[in-house]
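Asks: Give the three-dimensional model of this entry:
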Amino acid sequence: MKSVYSRISDFTLRYSHIILILTAVLTMVAGTITSHLGSKGDFIDLLPPNSTSVKDLNVIRDHVGGEGYLMVVLEGGNIEKSKQFIEALVPELRKIPEVNYVDYKFDKKFFEDRNLLYIEKEDLKILAQRLKDKIDYERNKMNPFYIDLLEEKKEFNIDDIKNKYSTAEIKDYYITKNPTRLVVLIKPNGFAGSLEFCKTLLSKTKMTIAQLNPKSFDPDLKIRHTGRYVTRIEETEFMFKDLKRTTLVSLIGIFLLLALYTRQITASIFIGIPLIISILYSLAITTLTLGYLNIVTAVLVGILSGMGIDFGIHLYLRYLEERRKHHSFEKAIHVIHSSTGKPLILAGLTTAVAFLVLIPMEFTGISQLGWICGGGILICMLNTYLLLPALLVMREKFIPLKHKLMIVPTLEDFLLTPKKYPKPYATLLIAGMIGLVSLGELRHIKFDYNFRKLVADKNGTLALQDQISDAFGVSLSPAIVYVPQLEDIPKISEIVNKLKKENPKSTISSVLSLYSYVPKYQEEKIPDIRKLGEIASDPLLRFLEGEEAQKLKDLKRWAEVKPFSMKDLPTHLQQQFNPIHGHTGSFLFIFPFATRKKFGSFKTELKILVFGSQAKP
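Replies: Below is the predicted model:
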């Protein structure tokens, strides 16, 4: 009774042409399927979809609409010309269907007219006393009998109180530390995880800018783009470019080494064809089962090239060895299927299982890597086991192998000519010491939460994004807390601020919500503000000149302020905190320090937010 291996060999010898025809058909089908293989460069795609964090993120996405911004950066040229271009650009950007809103300037006048409401009552009284002192000074100065022995001029100054509440210079437009650089923040209504959405958004944005012809405003004006939606496109492009490059380099290196070792160009061809077809099959199955590659599984071609080539090498070299012994090609085929095939299949199965055991892992990136590489190794093993002998049979039928091509340099058999291993104890001692040192250093291994280190920044897009974040003083990718009930936000803000205060090394920079823009105790401050306006209207102050006169004029205008609520805030400000699609509630933004890269600490601080709250960070 013939064994399974003998039956396979007989089938290969008799029907090698059928195997090759079937392989050609399957290869064309696999190529067609693989052409639809997608990619996902979003780090969220590496996390388990059923985890609490991902579920909460999906809730946030559904309520926010987009994640982060598409930033249009204007550089160079005259700043006033750039502002004119922005004013012409923004209305056109708002017409793009993929845009939720556009934020490009701060309503400086709205808050300046109401700045007295943001001042504490004690400081309002200090301002009132300074005005009274100024009035007394002006009154005494008009008295001919008053002599100021110190000749000290009394000026009305409010700069120290201004600096107490804000040291930053408030600008109408978003101008960075580079005085010629302006920023427009575009909030999309789609997700950066969708590559097609990112491409459509960026394409329409660039088209809108081109239609306005920025060079007609200022020949020196340069426009760049950055933000999550731009880096998403670049990550994918870099990933596929690197995939093609690594595939080419690895295959060329492998085939070159084979040619040098066997001294045959045909060796690379016969071993390489099954390998390349096997990788194509693996990509096709990946397309059918997963549909995409992520930033972890993008390396699969290199892995399969390095590990899958072993099967072809062992089978081909054993075939040449049998032919060198002047055995017929029929017997050589039987030998590689039976004698070489058994350990080959065992090695392939054990290697594949080592990858396949990763499938149950919750980390999607590693789980998918286990599935693709484990399945890919099985495909390489089976395809090489069946296809390579068929190729050899067809070659022998048309171009029989010449004796000189059968010669393959063989290494000296250690078992037949045993030699003493030099200094075995020294080798063991060194290996043991290296092992102990390695074990000791394991405690220093830490998980790096900064996934951005996995991303190449060849175009400087991420660097530009960091520069803009530094200019704003906070990260432009804050943690977002969705609060279903608007009235719960002050309580959560208080907890976060307390957490920040208790931890001197806190990574939290600030907390922002609609409540941050509405001052407390407005009704209680109104009497003091009105009194301040009355004092500022004293006739004795009408003779002030220059800067003092302007400060007094501003003060009288500010004193006419009325209490306001969140509904009175500028529309462009409200839309940043209001959910879309008719959802209730509001958002709370928690900003990390732009220069403090302690992602793990920031994550830990976020975890101890509002115990029992319905907020979703």
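Asks: Give the phi and psi angles for Leu37, as a check.
Replies: Main-chain dihedrals, Leu37, degrees, to the nearest 10: phi -70, psi 130.
Asks: cool, and the one 10 residues further on?
Replies: Phi and psi for Leu47, reported as degrees, to the nearest 10, are phi -90, psi 160.
Asks: show me what contacts it?
Replies: Counting by CB atoms under 8 Å, 6 or more residues apart in numbering, Leu47 touches Ser53, Val54, Phe363, Thr364. (Glycine included, C-beta is placed from N, CA and C.)
Asks: Which of those are buried? Put it as a ChimeraX command.
Replies: In ChimeraX syntax, the buried subset of the contacts of Leu47 is picked out as below (16 or more other CB atoms under 10 Å):
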select :364
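Asks: wait, which of the contacts of Leu47 is closest to His36?
Replies: If you rank the contacts of Leu47 by distance to His36 using CB to CB, Thr364 comes first, at 20.4 Å.
Asks: How about the contacts made by the closest one?
Replies: Thr364 neighbours (CB under 8 Å, 6+ apart): Asp45, Leu46, Leu47, Pro48, Pro49, Asn294.
Asks: Just put the contacts of Leu47 in CSV and tack on distance to Val90, pLDDT and secondary structure.
Replies: Shown next, in CSV, are the contacts of Leu47 (distance: CB to CB, whole Å; pLDDT from 0 to 100; DSSP: H, G, I helix; E, B strand; the rest coil):
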residue, distance to Val90, pLDDT, secondary structure
Ser53, 35, 70, helix
Val54, 34, 74, helix
Phe363, 42, 81, coil
Thr364, 39, 82, helix
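Asks: ok, of the contacts of Leu47, which one's closest to Glu524?
Replies: Set against Glu524, the nearest of the contacts of Leu47 by CB to CB is Ser53 (42.6 Å).
Asks: buried residues in stretch 233-241?
Replies: Quick answer for stretch 233-241 (16+ other CB under 10 Å): Ile233, Glu234, Glu235, Thr236, Glu237, Phe238, Met239.
Asks: Helices - which of those residues land there?
Replies: Mapping these onto helices (DSSP state H) picks out Ile233, Glu234, Glu235, Thr236, Glu237, Phe238, Met239.
Asks: Roughly how far does the last one sit from Ser305?
Replies: Counting by CB to CB, to the nearest Å, the separation of Met239 from Ser305 is 17 Å.
Asks: Leu464 and Arg181: what is the separation?
Replies: For Leu464, the distance to Arg181 - CB to CB - is 10 Å.
Asks: okay, and the common contacts of the two?
Replies: Here Leu464 and Arg181 have Val73 as joint contacts, going by CB under 8 Å, 6+ apart.
Asks: Beyond whichever strand or helix holds Ala390, next helix or strand please.
Replies: Assigned by DSSP states H and E, Ala390 falls within helix 364-398. Using DSSP H and E, the helix or strand that follows helix 364-398 in sequence is helix 424-441.
Asks: for that next one, what is the average pLDDT?
Replies: The average pLDDT for helix 424-441 rounds to 88.
Asks: which other residues reach it?
Replies: Tyr421.
Asks: Is Ala192 located within a strand, as I assumed?
Replies: No. Ala192: not assigned to a strand; according to DSSP: H, G, I helix; E, B strand; the rest coil it is coil.
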